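Enquirer: Here is my input; please provide its structure:
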Amino acid sequence: MKLSELKDFLDRKADRYNHPDFIENDPIQIPHRFSLKQDIEIAGFLTATISWGNRKSILNSAEKILSYMDGSPYDFVINHTEEDLRHFMSKSVHRTFNGDDLAQFIRNLARLYRKSDTLENHFLLHTGESDFYHSLERFRNEFLGNGVHRASKHVSSTYKNSSAKRLMMYLRWMVRQDNRKVDFGLWTRLNPAHLSVPLDVHTGNTGRQLQLISRKQNDWKAVAEMDITLRKLDSEDPARYDFALFGMGVNGEF
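Expert: Modelled structure (predicted):
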């Protein structure tokens, strides 16, 4: 397939799936329940963190997290006490992400919000960077802090060649700006041109069938390989093709 034909094909698929109807069955519906910027940031981050496995199970687990936080993520993060956290530390949340992990995430988020009123400032790129490879590792180190906790396994490391699918999906939610009302476009200090498609089993398999990537592993090297072509197709908003690749993959079009 010629590059122009590939672009036409993926543009049509992206337009088909990048639609408000997409929200109904996707984890992004959780942050869409809020209007306060910080509520959206926190609900989005925690939902993205547990976004692996069955989507229905993800949504049920996200509901559980909101209930533990009394339906007010930012207020809970800022004003929680250790006694509040103990109420759910022994409970389950989502598969290997348990109540103790959630409590540590809340402590870490509170520490970041004491430094800045938005999580965006902890993802900023440095001069000369054109993707989030270094940014995500800096965020990971800052978020986890100096302590050792089992929750660290739930924040992927790009320096260990992880595709960081869940963090990249979260960035897509927060950064992409269009008129489709799916992604939020809350963070204006980050450029959508620097985003990559969140690489998971669906986007990876579809990407290989379309010869966007040749690597067999869904790792950061595969993300960088896919970037090369997708940024040729749309240099300003390459992550919009996530809708095309994921939509085709999850609906069995390939």
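
Enquirer: what about the strands in the stretch 1-150 of the chain?
Expert: For the stretch 1-150 of the chain, the strands defined by DSSP state E, counting those that start in this stretch occupy 92-94, 97-98.

Enquirer: Turn those into a markdown table, columns for mean neighbour count, mean pLDDT and distance to Q104.
Expert: Placement of C-beta: from N, CA and C, glycine included. Listed next are the strands of the stretch 1-150 of the chain as a markdown table, based on neighbours: other Cβ atoms under 10 Å; pLDDT from 0 to 100; distance: least, Cβ to Cβ, whole Å:
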| stretch | mean neighbour count | mean pLDDT | distance to Q104 |
| --- | --- | --- | --- |
| strand 92-94 | 19 | 95 | 12 |
| strand 97-98 | 20 | 96 | 10 |
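
Enquirer: how about TSV for those, with distance to N179 added?
Expert: Formatted as TSV, the strands of the stretch 1-150 of the chain follow (distance: least, Cβ to Cβ, whole Å):
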stretch	distance to N179
strand 92-94	32
strand 97-98	34
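
Enquirer: Which stretches in the protein count as helices?
Expert: When assigned using DSSP state H, the helices of the chain occupy the ranges 3-17, 37-49, 55-68, 73-79, 82-86, 99-115, 133-144, 165-175, 201-209, 220-233, 241-250.

Enquirer: So what angle separates the directions of the longest one and helix 37-49?
Expert: What separates the directions of helix 99-115 and helix 37-49 is an angle of 140 degrees, with axes from the mean of the first three to the mean of the last three Cα atoms, to 10 degrees.

Enquirer: returning to that earlier point: let's have the helices of the chain in CSV, adding distance to V93.
Expert: Converted to CSV, the helices of the chain look like this (distance: least, Cβ to Cβ, whole Å):
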stretch, distance to V93
helix 3-17, 29
helix 37-49, 9
helix 55-68, 6
helix 73-79, 14
helix 82-86, 13
helix 99-115, 5
helix 133-144, 18
helix 165-175, 15
helix 201-209, 22
helix 220-233, 27
helix 241-250, 24
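
Enquirer: do you know which of those lies nearest V155?
Expert: Among those, helix 133-144 comes nearest to V155, with 4.9 Å by Cβ to Cβ.

Enquirer: Export only the CA atoms of that closest one, formatted as PDB.
Expert: Output of helix 133-144 as PDB, limited to C-alpha atoms (Å, rounded to 0.1, in the frame of the first residue of the first chain):
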ATOM      1  CA  TYR A 133      10.700   8.600  26.100                       C
ATOM      2  CA  HIS A 134      12.600  10.700  28.700                       C
ATOM      3  CA  SER A 135       9.600  12.600  30.000                       C
ATOM      4  CA  LEU A 136       7.800   9.400  31.100                       C
ATOM      5  CA  GLU A 137      10.900   8.200  32.900                       C
ATOM      6  CA  ARG A 138      11.300  11.600  34.700                       C
ATOM      7  CA  PHE A 139       7.600  11.400  35.700                       C
ATOM      8  CA  ARG A 140       8.000   7.900  37.000                       C
ATOM      9  CA  ASN A 141      11.000   8.800  39.200                       C
ATOM     10  CA  GLU A 142       9.300  11.900  40.500                       C
ATOM     11  CA  PHE A 143       5.900  10.200  41.100                       C
ATOM     12  CA  LEU A 144       7.500   7.200  42.900                       C
END
